[in-house]
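Asks: Give me coordinates for this.
(one chain, ligands or ions: 1)
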Amino acid sequence: DQTKKNKYHFPPGPRPLPLIGNMHILDIKRQDYTFMELAKTYGTFFTFHFGRAKAVVLIGYEANQEALVKANYDFGDRAPMPIADDFQKNHGVIFSNGETWKITRRFTLSILRDLGMGKRPIEERIINELQYLNALIGSHNGKPFNEKVFYNATPNITFSILFGRRFDYDNPNYKKMIGIIDDVVKLTGQPEAKEKATETTEKIFTEKNLLASTFDLMVGGTETTSSTLKWAILLMMKYPDVQKKVHDEIENVIGLERPPKWEDHKVLPYCLAVMHEVQRFGNILQYLPHSTPTDVSFRGYTIPKGTAVVPLFTSILYDESKWESPREFNPNHFLDADGKFLKRDEFFAFSKGRRVCVGESLARMELFLFITGMLQKFTFTPPPGVSRESLDLGPEAFFTMRPKEYNVCATPRL
Ligand code: HEM
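Replies: Below you'll find the predicted structure:
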């Protein structure tokens, strides 16, 4: 019967996409795995349908280098993200576009630099904070403690920039702020704020934009660095031979007394390589979606303006054609034959191009000083009864990929 048949047919004209698109094949928590699997069939540049929204996925070093670095501007917008749609819409840095993004990003960077990001004033704050962190670790007297301890130090660096002071680790407000950041990272896709964005004509230096930018730095600058520290300690427990080499280098070059300083990264190549390999292996962000600000011509295709783009960082940091043993933790990835630090172009942990991480130099300094500073003072081992082999290196995939919860023992080296 014709009427019945029509009911199930689309009207003439272009056929709308099915409601779920390719979502039925997407592993929501490990989207990177799905995309890398699809790349085996469709190559390093393909379209994926997130429901009705199309996204272009970029796989591996070459495609991402071509798009994010060489065609920088063409892929430099941020795609809308459910987590931020309602409460950050076009405010702050991470989720904004156009003039708001350009001016707010420039402003944020200049403020961070004025306050000493990547320079001596911030270095002093980090070294100061390291003493508190090491005191907390030491207070457990070699007994097992939870990895949450490593979440305490890095927020204080961001907060001291934003609020002008550090907080004691047991300060209820500090705990609350850390808890909120943790919730935001976990509850992706469930925005709290309900206010609708109507500010198309609003100016950029508003209180709302200030709050949004502060929020961006709080979330962008704390969870990322502290999760990386958790990876670092877990990996040191898992690979005691690597930990031993880190210990030896620190002991031989700067000794066990004077706290490390940023300049030391030039004379501690093994520590620097370990820090980079922790970031590569830990791969804490699968991707942050970009989009095309205009119609873009790429590899012979036209990508329409406003198309979401997935620069899949996992596929670069684990690119089999670039790394000797991508799925293994191997600090040699960042060392040359003479044991000197080897800068790798494929290191995309902070992304590259127009949207490159605003806090990269701050994060690098924090990671280097906290990792070497903790390992200068302690040997990290699994708690009694927990074997090294049983330590799970699989991530807990939220907005970021942090290690699964673990306990650790820290024995003083002095
Ligand atoms: C281990 C630490 C960190 C890692 C691995 C990291 C990684 C990243 C990545 C991959 C992006 C996305 C870039 C893109 O869209 O292409 C990003 C953006 C961003 N990060 Fe970081 N980040 C870290 C620490 C920080 C810190 C300490 C801050 C600030 C205090 C920060 C602030 C930001 C901001 C504001 C953006 C948005 C940039 C934009 O959209 O223009 N991040 N970060």
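
Asks: Pick out the residue in the chain sitting closest to the ligand.
Replies: Closest approach of the chain to the ligand (C-beta to the nearest ligand atom) occurs at residue 359, with a separation of 2.2 Å. Bear in mind the C-beta positions are built from the backbone N, C-alpha and C, glycine included.

Asks: check contacts around that residue.
Replies: Contact criterion C-beta atoms under 8 Å, 6 or more residues apart in numbering gives 112, 117, 217, 220-221 as the residues in contact with residue 359.

Asks: Please repeat the previous calculation with a cut-off of 6 Å.
Replies: Listed by C-beta atoms under 6 Å, 6 or more residues apart in numbering, the contact partners of residue 359 are residue 221.

Asks: again with the one 4 residues further on
Replies: Taking C-beta under 6 Å, 6+ apart, we find residue 363 in contact with residue 225.

Asks: One more: residue 79?
Replies: Taking C-beta under 6 Å, 6+ apart as the test, what residue 79 contacts is 289, 291, 308.

Asks: Which of those fall within helices?
Replies: Secondary structure of the contacts of residue 79 is defined by DSSP state H; no position falls in helices.

Asks: which non-adjacent residue is nearest residue 280?
Replies: Beyond its immediate neighbours in the sequence, the residue positioned closest to residue 280 (C-beta to C-beta, 6 or more residues apart in numbering) is residue 317, lying 4.8 Å away.

Asks: For the one you found, grab the count of nearby residues.
Replies: For residue 317, the count of nearby residues is 25 (other C-beta atoms under 10 Å).

Asks: Would you tell me which residues of the stretch 151-300 of the chain are close to the ligand?
Replies: Contact residues (C-beta under 6 Å from any ligand atom) of the stretch 151-300 of the chain with the ligand: 158, 216-217, 220-221, 224-225, 228, 284-285, 288.

Asks: so what pLDDT did residue 186 get?
Replies: As summarised for this prediction, residue 186 has a pLDDT of 75.

Asks: Could you list the low-pLDDT ranges of the stretch 1-150 of the chain?
Replies: Flagging of the stretch 1-150 of the chain using pLDDT under 70 yields the residue ranges 1-18, 82-83, 85-86.

Asks: Next, give phi and psi for residue 298.
Replies: The main-chain torsion angles of residue 298 are listed as degrees, to the nearest 10 and equal phi -140, psi 120.

Asks: Identify the bridge partners of it.
Replies: Per DSSP bridges, residues listed as beta-bridge partners of residue 298: residue 301.

Asks: now the one 10 residues further on
Replies: Under DSSP bridges, the beta-bridge partners of residue 308 are residue 55, residue 291.

Asks: I'd assumed residue 55 was in contact with it.
Replies: Yes. The pair residue 308 / residue 55 is scored as a contact, 3.9 Å apart, by C-beta atoms under 6 Å.

Asks: Tell me the buried residues in the host helix or strand of residue 156?
Replies: Assignment of secondary structure by DSSP states H and E places residue 156 within helix 153-163. Buried positions in helix 153-163, judged by neighbour count with 16 or more other C-beta atoms under 10 Å: 153-162.

Asks: just checking, what packs against that helix?
Replies: helix 120-138 (3 or more C-beta pairs under 6 Å, 6 or more residues apart in numbering; DSSP states H and E).

Asks: try 8 Å
Replies: When contacts are defined as 3 or more C-beta pairs under 8 Å, 6 or more residues apart in numbering; DSSP states H and E, helix 153-163 sits against helix 120-138, helix 172-186, helix 207-220, helix 223-238, helix 360-377.

Asks: Between those helices, which one is closest to residue 26.
Replies: helix 172-186 (19.5 Å; C-beta to C-beta).

Asks: if you look at stretch 128-146, does any of it touch the ligand?
Replies: No. For stretch 128-146 and the ligand, the contact criterion (C-beta under 6 Å from any ligand atom) is not met; the two come no nearer than 13.4 Å.

Asks: Can I get that stretch in CSV, CA atoms only?
Replies: What follows is stretch 128-146, C-alpha atoms only, in CSV (Å, rounded to 0.1, in the frame of the first residue of the first chain):
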residue,chain,number,x,y,z
ASN,A,128,58.0,26.6,47.4
GLU,A,129,55.0,24.4,46.7
LEU,A,130,57.3,21.3,46.2
GLN,A,131,58.3,21.6,49.9
TYR,A,132,54.7,21.3,51.0
LEU,A,133,54.1,18.4,48.7
ASN,A,134,57.2,16.5,49.8
ALA,A,135,56.2,17.2,53.5
LEU,A,136,52.8,15.7,52.9
ILE,A,137,54.3,12.7,51.1
GLY,A,138,56.8,12.3,53.9
SER,A,139,54.1,12.5,56.6
HIS,A,140,53.0,9.0,55.6
ASN,A,141,56.3,7.6,57.0
GLY,A,142,56.7,5.0,54.2
LYS,A,143,53.2,3.7,54.8
PRO,A,144,50.8,3.3,51.8
PHE,A,145,48.8,6.4,50.8
ASN,A,146,46.4,7.2,48.0
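
Asks: thinking again about what came up before, which pair in the buried residues of helix 153-163 spans the largest distance?
Replies: Between any two of those, the greatest separation by C-beta to C-beta is 15.6 Å, found for 153 and 162.

Asks: Please enumerate the strands of this structure.
Replies: With strands called from DSSP state E, the chain shows them at 45-50, 53-58, 77-78, 145-146, 290-291, 296-298, 301-303, 308-311, 378-381, 395-397, 401-403, 407-412.

Asks: Let me know which of those is the nearest to residue 248.
Replies: strand 378-381 (12.0 Å).

Asks: Give me the contact list for the closest one.
Replies: Strand 378-381 is contacted by residues 134, 137-138, 233, 236-237, 240, 243, 247, 374, 408-413 when judged by C-beta under 8 Å, 6+ apart.

Asks: and it, which strands flank it?
Replies: Taking DSSP bridges, the sheet neighbours of strand 378-381 turn out to be strand 407-412 (antiparallel).

Asks: what separates the strand it pairs with from the chain centre, distance-wise?
Replies: The gap between the average C-alpha position of strand 407-412 and the chain average comes to 26 Å, counting by C-alpha atoms, centre = their mean, to the nearest Å.

Asks: buried ones in it?
Replies: By neighbour count, with 16+ other C-beta under 10 Å as the criterion, the buried positions of strand 407-412 are 408-410.

Asks: In contact with the residue nearest to residue 280, which residues?
Replies: By C-beta under 8 Å, 6+ apart, the contact list for residue 317 reads 280-281, 283, 323, 326, 346-349.

Asks: which stretches of the stretch 251-400 of the chain form helices?
Replies: Applying DSSP state H, counting those that start in this stretch to the stretch 251-400 of the chain gives helices spanning 269-282, 313-317, 360-377.
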